[in-house]
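Asker: please work out how this folds:
(one chain, ligands or ions: 3)
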Amino acid sequence: MGIRCVAIRACGGGKIDTGVPRMAVCPYGAAAVVMALLSAAIAFHCSPLLAVLQRALSLHTAHATKDMDNLFQLVRNIVPALTSKKHKGQDGRIGIVGGCQEGPPPACLSGADLTHVFCAREAAPVIKSYSPELIVHPVLDSSDAVEEVEKWLPRLHALVVGPGLGRDDLLLNNVRGILESTKARDIPVVIDADGLWLIAQRPALVHGYQKAVLTPNHVEFSRLWDAVLSSPMDTSNHSGSVLKLSQALGNITIVQKGEQDLISNGQQVLVCNQEGSSRRCGGQGDLLSGSLGVMAHWALRAGPEKTNGSSPLLVAAWGACTLTRECNHLAFQKYGRSTTTTDMIAEVGAAFSKLFTT
Ligand SMILES: *[C@@H]1O[C@H](CO)[C@@H](O)[C@H](O)[C@H]1NC(C)=O
Ligand SMILES: *[C@@H]1O[C@H](CO)[C@@H](O)[C@H](O)[C@H]1NC(C)=O
Ligand SMILES: *[C@@H]1O[C@H](CO)[C@@H](O)[C@H](O)[C@H]1NC(C)=O
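Answerer: Ligands and ions are numbered 1, 2, ... in the order given. Presented below is the predicted three-dimensional model:
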């Protein structure tokens, strides 16, 4: 089982620049970093990420519909207020079950002990070398992986499963056990990438679990569809398909990533079409799953009063999609077709500082 790490994932521009740390992008690097950013920002007041978040969520509202305005307001409602009494981790200790890590993270992450990464042994040194702020548990390929992760579960507010995971049978079997435990403890879980491969093999793992969010792209979506529905998918009716898949999985929240993101909980379908860029970056999915992990926790803690009766996870998913698209948009304006995940994350930090000093 090798390190599930690719040296670079450019935005389709074919940019190859291996070996330079700045460019080393692993499948779940962005998720870890963005979660650490979101959590650390709040825990330490070290950075005005909240302000960035709020700015990202306020952009482009001028011509938005009333529904959009309402959604923006609902997301703002779930963002925790800053208080000086908070201690580290209170606003989101997130676990990632996945592959490997990118570097180096934004400076504001120094000292954050809020993101736990559960990975295979071989991936650990890479993660540690780039991001000492992340707590790395190299247990995923051990025979007692489930027990090792279970020790930490009571302290985690949400779990993101899948980025960079790979499809190794032993590993996926451990992940299956981890998902069972996560469900038993009622912890929100965001499942992406190879985690979705596992779900397509065993839909029962998440069926009806109301705190699960799946974030498939079109290929992953079709695979899930084939696993749980016998009728062919109506490819001309994307909203209807997302709604149906959610229902077939017991009304769990599904985010279908695409030109516009479609989000459903089996009852309604939200569209996220915040202006991003004409290209999706490979790591954009990691940013989405990472920020969704944090926002899912925030939304569930805030409760349905704060989301005006809407499903908290729908609001969280819409907020995370919107934020991710905005990061993509800002980075793409600077770097065009060669935009990388790293550029997108860097954009969050830059916008952050800019706001903080004005
Ligand atoms: C809250 O729900 C009420 C009733 O459905 C609606 O009129 C109002 O616009 C909603 N407010 C927000 C911020 O979504
Ligand atoms: C799309 O699918 C949904 C759910 O099955 C259905 O209610 C809707 O009428 C469909 N829309 C079109 C345009 O076929
Ligand atoms: C899912 O939601 C739909 C629409 O509200 C409802 O008809 C259906 O019974 C729900 N399914 C489950 C398993 O709760």
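
Asker: now do residue 237, the pLDDT please.
Answerer: Model confidence at residue 237, given as pLDDT, is 94.

Asker: number the residues from 39 up from this point.
Answerer: With 39 as the first residue, the last one maps to residue 275.

Asker: who are the contact partners of it?
Answerer: Listed by Cβ atoms under 8 Å, 6 or more residues apart in numbering, the contact set of residue 275 is empty. In short, each C-beta sits where N, CA and C put it, glycine included.

Asker: 10 Å instead?
Answerer: Residue 275 makes contact with 281, 282, according to Cβ atoms under 10 Å, 6 or more residues apart in numbering.

Asker: can you check residue 191 too?
Answerer: Contacts for residue 191 (Cβ under 10 Å, 6+ apart) come out as 133, 154, 197, 216, 219, 220, 222, 223, 225.

Asker: spit out the contact partners of the fifth one.
Answerer: With contact taken as Cβ under 10 Å, 6+ apart, residue 219 is in contact with 184, 185, 187, 188, 191, 197, 225.

Asker: cutoff 7 Å now
Answerer: By Cβ atoms under 7 Å, 6 or more residues apart in numbering, the contact set of residue 219 is 184, 188, 191.

Asker: what helix or strand is the first one on?
Answerer: When secondary structure is defined using DSSP states H and E, the element that contains residue 184 is helix 183-190.

Asker: packing partners of that helix?
Answerer: When contacts are defined as 3 or more Cβ pairs under 7 Å, 6 or more residues apart in numbering; DSSP states H and E, helix 183-190 packs onto helix 207-222.

Asker: the helix it packs on to helix 183-190, inter-axis angle?
Answerer: With axes from the mean of the first three to the mean of the last three Cα atoms, to 10 degrees as the basis, helix 207-222 and helix 183-190 are set at 30 degrees to each other.

Asker: show the average pLDDT along helix 207-222.
Answerer: For helix 207-222, mean pLDDT rounds to 96.

Asker: now that helix: buried residues?
Answerer: For helix 207-222, burial by neighbour count (16 or more other Cβ atoms under 10 Å) applies to 209, 210, 212, 213, 216, 217, 220, 221.

Asker: with stretch 326-337 instead?
Answerer: 326, 327, 328, 329, 330, 331, 332, 333, 334, 335, 336, 337.

Asker: now the two most distant members of the contacts of residue 191.
Answerer: Spanning the widest gap among those are 154 and 222, at 18.5 Å by Cβ to Cβ.

Asker: doesn't residue 198 lie inside a strand?
Answerer: Yes: according to DSSP: H, G, I helix; E, B strand; the rest coil, residue 198 belongs to a strand.

Asker: residue of this structure nearest ligand 2, please.
Answerer: residue 278 (2.0 Å; Cβ to the nearest ligand atom).

Asker: the nearest residue to residue 379 once chain neighbours are set aside: neighbour count?
Answerer: Distance criterion Cβ to Cβ, 6 or more residues apart in numbering; nearest residue to residue 379, sequence neighbours excluded, is residue 321 at 2.5 Å. Applying other Cβ atoms under 10 Å, we find 32 residues neighbouring residue 321.

Asker: same deal with residue 307?
Answerer: Neighbour count of residue 307, defined by other Cβ under 10 Å: 19.

Asker: who is it paired with across the strands?
Answerer: Bridge pairing for residue 307 (DSSP bridges) gives the partners residue 302.

Asker: so it makes contact with residue 279?
Answerer: No: Residue 307 is beyond contact range of residue 279, at 9.8 Å (criterion: Cβ atoms under 7 Å).

Asker: following whichever strand or helix holds the residue of the chain closest to ligand 2, which helix or strand comes up?
Answerer: Residue 278 belongs to helix 276-286 when assigned by DSSP H and E. The first helix or strand that comes after helix 276-286 along the chain, using DSSP H and E, is strand 291-294.

Asker: which other helices and strands does that following strand contact?
Answerer: Judged by 3+ Cβ pairs under 7 Å, 6+ apart, the packing partners of strand 291-294 are strand 250-252, helix 276-286, strand 299-302, helix 350-373.

Asker: for the buried residues of helix 207-222, which one is nearest residue 290?
Answerer: Lowest distance from residue 290 to the buried residues of helix 207-222 (Cβ to Cβ) belongs to residue 221, with 11.1 Å.

Asker: so what's the closest residue to residue 249 other than its chain neighbours scoring on pLDDT?
Answerer: Excluding the flanking residues, the one nearest residue 249 by Cβ to Cβ, 6+ apart is residue 226, at 4.3 Å. With respect to pLDDT, residue 226 scores 97.

Asker: pull the contacting residues for residue 226.
Answerer: Shown in contact with residue 226 (Cβ under 7 Å, 6+ apart): 196, 249, 334, 335, 338.

Asker: tell me the one among those nearest to ligand 3.
Answerer: Of all those, residue 249 has the smallest distance to ligand 3: 14.2 Å, by Cβ to the nearest ligand atom.

Asker: separation between the closest residue to residue 273 other than its chain neighbours and ligand 1?
Answerer: Spatially, and ignoring its direct neighbours in sequence, residue 273 is nearest to residue 279 (7.7 Å; Cβ to Cβ, 6+ apart). When distance is defined by Cβ to the nearest ligand atom, to the nearest Å, residue 279 is 26 Å away from ligand 1.

Asker: how deep is residue 279 tucked in, by neighbour count?
Answerer: By other Cβ under 10 Å, the residues close to residue 279 number 22.

Asker: you'd agree it is up against residue 272?
Answerer: Yes: applying Cβ under 7 Å as the test, residue 279 and residue 272 come out as touching, 6.1 Å apart.
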